[in-house]
Structures are given as C-alpha cells and as structure tokens.
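Asker: Here is the input, now give the coordinates:
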Amino acid sequence: MPRSASAVGEVFATFLKLGFTSFGGPIAHLGYFHREIVARRRWIDEVRYGQLVGLCQFLPGPASSQLGFSLGLIRAGWLGAIAAFVAFTLPSALLLLAFAYAMPQVESPYGQAAIHGLKLVAVAVVAQGVLAMAQRLTPDLPRRLMAAAAAGVVLLYRTAIAQLLVVAGGALLGVWLCRNVRAAGGTTINVPYGPTIGAVLLVIFAVLLAASIGIGSNATPLAAVAAAFYRAGALVFGGGHVVLPLLQEAVVEPGWITTDQFLAGYGAAQAVPGPMFTVAGFLGASFPGARGGVIGAITSTVAIFLPGLLLVAGALPFWRAIGGRARAVGALAGVNAAVVGLLAAALYDPVWKNAVLTPADFVIALVAFVLVKSTRSSVLLVLAWCVLASIARVWLAAEIK
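Answerer: From the prediction side, this is the model:
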C-alpha cells in the first residue's frame, strides 16, 4: 500500500482531473471513478470497488466524495484521503464562487446548450460504467436477476430509503443466492488503522452531531453556520439533491439568504463538475455580515462534508473485519449486484431522461459512448465533443430559422 509523497501526489493529480471533469451528479461520478481508477489505473479491483460503493450508499453523506476519500485512503493513507477530497472538491467550490459573474452568459441559448452537452457526457460515462461493472459483478443468472430487480424497485420508488432497502436486500439475498461465491484473493479492504480508531471516529461524529443539534440562535454567527451545515450533512441519505430541502430550511428560513439566491446556487451546482455538496460554499459566501464571505464559504463547506467523511472512515475497518467471512462474501456479492442495479436505474433516470431529449441528443451520446468504450479516449475529449456538438446544434437551428 503506497505511502510515499509521490503516491499522495498521484492521488491529488488524479482527483484534481476528476474534480474538473466529473459532471452529472453523484451516481455519474461512480462511472468516472470506475473508468479512471479501476479500469485505467487499477488501484483497486472490481470487487473492492463494488464493496466501497455499497458502503458509501449505506451511509449518510455525499456518496461520491466518501468514495473518493476512501480510495485516496487506501492508495496513500491519511494524506492520500485528504488529497483526494481536496482535489475533487476544490474545482467545483471555486467555480461556484465565480458562477455569479457568469450567470448572464450561462442563461443564453449557447450557455444552456453547453450545460446540456455536459449532461450528455454523463450519459456516455455512466453507460460505460454500468457495462463494465455488470460484466464483473453480475457474472451469473442470480446476480443478474438481483441487479434487474434492484433497478426496477429504485425506478418504481424514487426515494433514498428505497435505495438503502435495495442495498440491504442485496446483502440478505446474497447470503442465500451467492453462498457458493468464493472470495477472490484478499477481498478485504485494507486501511492503515484498526477498529479502535474507527470507533473513535464514529464517536467524534456522534458528539459533533449532538453539539450541532444543541447549538441555538444565541451562538456566534460562524458557529451557527457550522452547526446548520453539519446537521444537513449528517442527516441526509441519497446525496446532493436530497440535501437541498434541508439546506433550504437551514439557511432560507432564518433569513440568511433569499429564496432566489438559494435557487441560483442550486442551478449553479448542477452546472459544474464535482460534488453538489459544494453548493454550501456558494451559500456560505452569500451570507451577510460575519456569517458570509470567504470564511463563511470555507466554514459551510467543511461542515457539510465532515460528517460523511467521519462516518466512512469510521466504518471502513469494521467493513474490512467482516469481508473475509463466508457469509459476508455472499452478502457483499449481493450488495455488488444491487449496486449495479442502482447504477443502471440512475442511467435511465435521471441521467438519460434529463439528457437525451431528441434524436440528435441520442446521436451525440452514442458517439460519446463509442469514444469512451472503444477508443479509451480522454474524458476531456468526450466532454469537448458533447459540448461543441450541442452548441453546434443550437447554432444550426438558429441559422435555419
């Protein structure tokens, strides 16, 4: 397990690239991570990757950021985990701070076309991720049926609770249907600490949550901001979109920000790559007085991500401890199959439904998928193709008129 400065630098550079190119939301990020880290760099195999995805789906918080943090931790220790988080988060956080200045251009037809092109990038990348993960994680009929059932349930019941139940159901069915699955050599996930440190991290999470609930309106401005965003990050299941109602209640109701400003931040967060939780930086910077500015942005961003990172770091050594047991192997195989179903469902809704609206969209996405799958093209090339093709379509439509 590399621990050198070069390994930390490699983690930072890899996740900085992902931070600039991972469009499409948390589920889409799983496809980007899979392509860059599993398929291309081979830092971790398919089985371990599926286990990590399953764990992050179980826990509250931003699943893709928790996954990136965990991958950095496995690759290069604590410094690698911090490097992965900072590199993946920084681009979107900075872009959201600057987004207000670009709003007039983004609201133009060509700006909207560019944003639509980013959605088509997500279609291609997520489709490639579904295919690759299905080939490795659902090699037999029982697991394929489990994946199909998981996808069907999630599409019928579009709630975070349904996703959690699907993953839990996959684990239970896996014990029964995947009892003959054998662990590949060393299927446990190795982290540089044991259950004792994991338990300490979970206690810190709980203490901070209790403190954030106890902090009232009499607290100092920044303490109130930190408490509000920590509560939101700790109590949300299902990723960035689900946290928005909690944030709206936390920052609009007290009058820290207007509804219009909040909705502008929501739109901006969907237009940039990286984790949607960085909308906290946009909101924090917009707060008036001592709550706002750069300090407010930093406070809100750190506070909303911290609980999820504490949870996943605390849970990892316990996940490792059960990973080699026979029943656990079957359960994890079932979880992996359920995760494939979750990703397949997300490929259809919201990724496909929100991006492929016309035959031209289908053609653009198909070419992008071929680029991703057949030629191993850089995501930047795929991104450029989708954005430029989407803009060109709008230009041609205007010229025809």
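Asker: and the residue most central in space within the chain, what pLDDT?
Answerer: Most central in the chain under C-alpha atoms, centre = their mean is Ser64, positioned 2.4 Å from the mean C-alpha point. Note on Ser64: pLDDT of 91.
Asker: Need phi/psi at it.
Answerer: Here is the backbone geometry of Ser64 (degrees, to the nearest 10): phi -70, psi -40.
Asker: Quick check: it touching Met276?
Answerer: No: proximity of Ser64 to Met276 does not meet the contact threshold set by C-beta atoms under 8 Å, at 9.1 Å. Every residue, glycine included, has its C-beta placed from N, CA and C.
Asker: just checking, next helix/strand downstream of the least confident helix or strand in the chain by mean pLDDT?
Answerer: Within the chain, confidence by mean pLDDT, DSSP states H and E is lowest for helix 240-251 among all helices and strands, at a mean of 69. Using DSSP states H and E, the next helix or strand after helix 240-251 towards the C-terminus is helix 259-271.
Asker: Tell me the helix or strand right after that next one.
Answerer: Sequence order places helix 279-286 as the next helix or strand after helix 259-271, per DSSP H and E.
Asker: ok, then the element right after that following helix?
Answerer: helix 293-322.
Asker: For stretch 148-164, which outside residues touch it?
Answerer: Stretch 148-164 is touched from outside by 57-58, 165-166, 169-170, 236-239, 242, 337-338, 340-342, 344-346, 348-349, with contacts defined as C-beta atoms under 8 Å, 6 or more residues apart in numbering.
Asker: Narrow these to those in helices?
Answerer: Among the contacts of stretch 148-164, the members found in helices (DSSP state H) are 57-58, 165-166, 169-170, 242, 337-338, 340-342, 344-346.
Asker: Looking at neighbours, which among those is most surrounded?
Answerer: Ala338 (34 neighbours; other C-beta atoms under 10 Å).
Asker: how about the nearest residue to that residue, chain neighbours excluded?
Answerer: With C-beta to C-beta, 6 or more residues apart in numbering as the criterion, Ala338 has its nearest non-adjacent residue at 2.9 Å, and that residue is Gly170.
Asker: now the stretch 151-300 of the chain, which segments are flagged as low pLDDT?
Answerer: 159-160, 182-188, 216-218, 237-245, 267, 270 (pLDDT under 70).
Asker: who touches Gln66 in this structure?
Answerer: Per C-beta under 8 Å, 6+ apart, neighbours of Gln66: Cys56, Leu59, Gly308, Leu309, Leu311, Val312.
Asker: change it to 7 Å
Answerer: Neighbouring residues of Gln66 by C-beta atoms under 7 Å, 6 or more residues apart in numbering: Cys56, Leu59, Gly308, Leu309, Val312.
Asker: quick one: whatever helix or strand it lives in to chain centroid distance?
Answerer: Using DSSP H and E, Gln66 sits in helix 63-106. Relative to its chain's centre, helix 63-106 lies at 10 Å (C-alpha atoms, centre = their mean, to the nearest Å).
Asker: next SSE after it?
Answerer: The first helix or strand that comes after helix 63-106 along the chain, using DSSP H and E, is helix 109-137.
Asker: Which elements pack onto that following helix?
Answerer: Of the remaining helices and strands, those touching helix 109-137 by 3 or more C-beta pairs under 7 Å, 6 or more residues apart in numbering; DSSP states H and E are helix 26-33, helix 46-58, helix 326-346, helix 353-355, helix 359-374, helix 379-400.
Asker: Could you check whatever helix or strand comes next after it and say which residues are buried?
Answerer: Moving toward the C-terminus from helix 109-137, the next helix or strand (DSSP H and E) is helix 141-156. Buried residues in helix 141-156, counted by 16 or more other C-beta atoms under 10 Å: Pro142, Arg143, Arg144, Met146, Ala147, Ala148, Ala149, Ala150, Ala151, Val153, Val154.
Asker: Relative to Gln128, how far out is Ala384?
Answerer: 17 Å (C-beta to C-beta, to the nearest Å).
Asker: higher neighbour count, these two?
Answerer: Gln128 (23 against 14).
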